[in-house]
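Chemist: The following comprises the amino acid sequence and a computationally predicted model.
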Amino acid sequence: MVFDSVAFKNVISTGLVLDAKGNKMSKHVGNVTDPFEMIGKYGADPVRFYMMTNSEPWDNLKFDPNGVDEVRRKFFGTLYNTYSFFALYANVDNYDVEQSLGKLNSNCESLKEIDSWILSCLNTLVKGVTEELDGYDPTRAGRLIDSFVNNDLSNWYVRLNRKRFWGKEMSEDKLAAYNTLYTCLMTVAKLLAPFAPFYADQLYRDLGGQMKSVHLEKFPVADASFINKDLEERMGMAQKITSMVLALRRKVNIKVRQPLQQIMVPAVDDEQRNHIEAVKELIMSEVNVKELEFAEGQGILVKKVKCNFRVMGKKFGKAMKGVAAQMDALSQEQIAELEKNGSYSFELDGQPITVDATDVEIISEDIPGWLVSNEGNITVALEVELTDELRQEGMARELINRIQNLRKETGLEITDRIKVTVAPNEQAEAAMKNFGEYIKSQVLADELIVADNDGEEAEFDDFKLNIKVEKK
């Protein structure tokens, strides 16, 4: 009124903060949570981010301290670990942001496909967060940032690119990885500023931001030249298949360090096959299998359709029994058609019937020596039988894990060369005989010998043995 204009154009009216069970907080009941206690225990930013992303601001919030702790660990902890990984190797290699970053663009020849993918996801994230904030929906915006940090940046990009940071020389490929990861971290710091002002500012300054504070920076703007939706879809399929295969491993308690022979995928169409083929090497590396084969027309995987009677009963009424009988009798080709088209149509007593893929569950039968998983229109079969060679390679990877742990415990630098002595053991010796050079390359060992020693005792599934690590 003072300036002859409205006081505000939009306003968000917040709901109530309830206890974890959805009850109104009351001193009389004793279920009041002291906000200052939460801030003191978990930090202001985890509390703030939890409240902003747990539910829409205008909805009532069931405040659960365990949820705040989960945000602190899974989001802020993951982001910190990602930054720490970057900082560790960047300091070793004297990575210079100002000299290097100007070379990063969507047409940069040194960028690998996975670099282009994460930069595409990053710019899609910037676009999405901007749109959600412009629409006064901070909850969706915060969840987008959370998903990017956990699922794309940390759990996929960094996991698959660790070895690129290990080389001694600053190659073009290594520099591209540094530039890509730095760009992601700096952009996340700027996007995160409205949600976690203190954490974002510290991350920004740790990354060498040019302004005194991230809050003096301009908000990121999406660069459409980096966005490649087709690439994002392909990599998304790789992530989904990886998740399915890892779930099958857990089902039979086979560790990821234990290599398996192959996975088989019956592609529903050429587009799906091409997408999977393009990310085949990434999938094989992430789930630790030797081969990925396509199974169309081989009749190896047998699928069945299971009707959702609750959903279909409302949809088809009295005709439900006949519809269910028809769906139970579908051939493998007809089930493939249902997966490909998203629906299957037929006539029942002269009436046209259309069953959508969302009306049913398509399940795959396990075959001897294999485990099968189905999710949407993607089916994956994992061969779980182990040969002696696979077992030996698995043991080699276990040895690498124990040796790497000993390197850390003894305070060795990441570039230090070592001598490794392993106590006599039949399984370990067989692995070292056939995979000795591989073990040495992974742990930076100049020598790998079998002999009694006074090293640390390492535990394996079926035995224990002493391993001694010495700096060369």
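Modeler: Structure's in. What do you need? Numbers count the residues shown, from 1 in each chain.
Chemist: SS state for residue 71?
Modeler: Judged by DSSP: H, G, I helix; E, B strand; the rest coil, the three-state class of residue 71 is helix.
Chemist: so it touches residue 50, yeah?
Modeler: Yes. Here residue 71 reaches residue 50: they are 4.5 Å apart, a contact under C-beta atoms under 8 Å. C-beta coordinates here come from the backbone N, C-alpha and C atoms, glycine included.
Chemist: Which one's more surrounded, these two?
Modeler: Higher neighbour count among residue 71 and residue 50: residue 71, with 26 against 23, using other C-beta atoms under 10 Å.
Chemist: show me what contacts that one?
Modeler: Contact analysis of residue 71 by C-beta atoms under 8 Å, 6 or more residues apart in numbering lists 46, 49, 50, 53.
Chemist: need the helix or strand of the chain with the lowest average pLDDT.
Modeler: helix 97-100 (a mean of 75; mean pLDDT, DSSP states H and E).
Chemist: If you count neighbours, what's buried in the helix or strand just after that one?
Modeler: Downstream of helix 97-100, the first helix or strand assigned by DSSP states H and E is helix 113-134. Buried positions in helix 113-134, judged by neighbour count with 16 or more other C-beta atoms under 10 Å: 114-130, 132-133.
Chemist: Report the residue spans of the stretch 151-300 of the chain with pLDDT below the cut-off.
Modeler: Regions of the stretch 151-300 of the chain meeting the criterion pLDDT under 70 cover residues 296-300.
Chemist: where along the stretch 351-472 of the chain do the strands fall?
Modeler: Remark: strands assigned in the stretch 351-472 of the chain by DSSP state E, counting those that start in this stretch are 351-356, 360-364, 370-375, 378-383, 418-422, 445-450, 456-459, 464-471.
Chemist: And the stretch 201-350 of the chain, by the same measure?
Modeler: Counting by DSSP E, counting those that start in this stretch, the segments of the stretch 201-350 of the chain that form strands are 260-265, 289-294, 303-307, 343-348.
Chemist: Tell me which of those approaches residue 214 most closely.
Modeler: Proximity to residue 214, assessed across those by C-beta to C-beta, is greatest for strand 289-294 (42.3 Å).
Chemist: Quick one: list the elements packing against that closest one.
Modeler: Other helices and strands packing on strand 289-294, by 3 or more C-beta pairs under 8 Å, 6 or more residues apart in numbering; DSSP states H and E, are strand 260-265, helix 270-278, helix 280-287.
Chemist: To residue 367, which of these lies closest?
Modeler: With C-beta to C-beta as the measure, strand 260-265 is the member of the helices and strands packed on strand 289-294 nearest residue 367 (9.8 Å).
Chemist: Describe which strands the closest one pairs with in its sheet and in which direction.
Modeler: Paired strands of strand 260-265, with direction, are strand 289-294 (parallel), strand 378-383 (antiparallel) (DSSP bridges).
Chemist: In TSV, list the ones you listed along with distance to residue 408.
Modeler: Below are the strands paired with strand 260-265 laid out as TSV (distance: least, C-beta to C-beta, whole Å):
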stretch	distance to residue 408
strand 289-294	28
strand 378-383	32
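Chemist: quick one, which of these is nearest to residue 257?
Modeler: Among the strands paired with strand 260-265, strand 289-294 comes nearest to residue 257, with 12.5 Å by C-beta to C-beta.
Chemist: And the closest one, what's buried?
Modeler: Using 16+ other C-beta under 10 Å as the test for burial, strand 289-294 gives 289, 292.
Chemist: again with stretch 166-177
Modeler: 174, 175, 176, 177.
Chemist: so the first one touches residue 164, yeah?
Modeler: Spelled out, it's residue 174. Yes. The criterion here is C-beta under 8 Å, and residue 174 meets it with residue 164 at 5.7 Å.
Chemist: among the strands paired with strand 260-265, which is nearest residue 109?
Modeler: strand 289-294 (27.7 Å).
Chemist: one step back: closest one of the buried residues of stretch 166-177 to residue 85?
Modeler: Of the buried residues of stretch 166-177, the one sitting nearest to residue 85 (C-beta to C-beta) turns out to be residue 177, at 11.2 Å.
Chemist: who touches the closest one in this structure?
Modeler: 112, 115, 161, 164, 165.
Chemist: Write the PyMOL selection for whichever of these are buried.
Modeler: Of the contacts of residue 177, the buried ones go into a single PyMOL selection, burial set by 16+ other C-beta under 10 Å:
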select buried, resi 115+161+164+165
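Chemist: Out of the contacts of residue 177, which comes closest to residue 184?
Modeler: Nearest to residue 184 among these: residue 115, at 10.0 Å, using C-beta to C-beta.
Chemist: What does the pLDDT read for residue 105?
Modeler: Model confidence at residue 105, given as pLDDT, is 65.
Chemist: Let me fix that, I meant to ask about residue 58.
Modeler: Model confidence at residue 58, expressed as pLDDT, equals 84.
Chemist: Going forward, count from 8.
Modeler: With 8 as the first residue, the last one maps to residue 65.
Chemist: That one and residue 21 touch, don't they?
Modeler: Yes. At 6.5 Å, residue 65 counts as touching residue 21 under the criterion of C-beta under 8 Å.
Chemist: Please work out which residues outside stretch 428-446 touch it.
Modeler: By C-beta under 8 Å, 6+ apart, stretch 428-446 touches 396, 399-400, 402-403, 406-407, 410, 427, 452, 455-460, 462, 467, 469-470, 472-475, 477.
Chemist: So for it, what gets flagged as buried?
Modeler: 428-430, 432, 434-439, 442-443, 446.
Chemist: again with stretch 331-348
Modeler: So for stretch 331-348, counting by 16+ other C-beta under 10 Å, buried means 331, 333, 334, 337, 342, 343, 344, 345, 346, 347.
Chemist: Just put those in CSV and tack on pLDDT and distance to residue 26.
Modeler: Listed next are the buried residues of stretch 331-348 as CSV, based on pLDDT from 0 to 100; distance: C-beta to C-beta, whole Å:
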residue, pLDDT, distance to residue 26
331, 87, 44
333, 87, 50
334, 87, 45
337, 85, 49
342, 85, 48
343, 79, 50
344, 81, 51
345, 85, 46
346, 80, 45
347, 80, 48
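Chemist: got these as a markdown table, with distance to residue 144 columns?
Modeler: Formatted as a markdown table, those follow (distance: C-beta to C-beta, whole Å):
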| residue | distance to residue 144 |
| --- | --- |
| 331 | 41 |
| 333 | 43 |
| 334 | 39 |
| 337 | 42 |
| 342 | 39 |
| 343 | 39 |
| 344 | 39 |
| 345 | 35 |
| 346 | 34 |
| 347 | 35 |
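Chemist: May I ask which two of those are separated the most?
Modeler: Across the buried residues of stretch 331-348, no pair lies farther apart than 331 and 347, at 21.8 Å, counting by C-beta to C-beta.
Chemist: which one of the contacts of residue 184 is nearest residue 300?
Modeler: The shortest gap between residue 300 and any of the contacts of residue 184 belongs to residue 119, at 24.7 Å (C-beta to C-beta).
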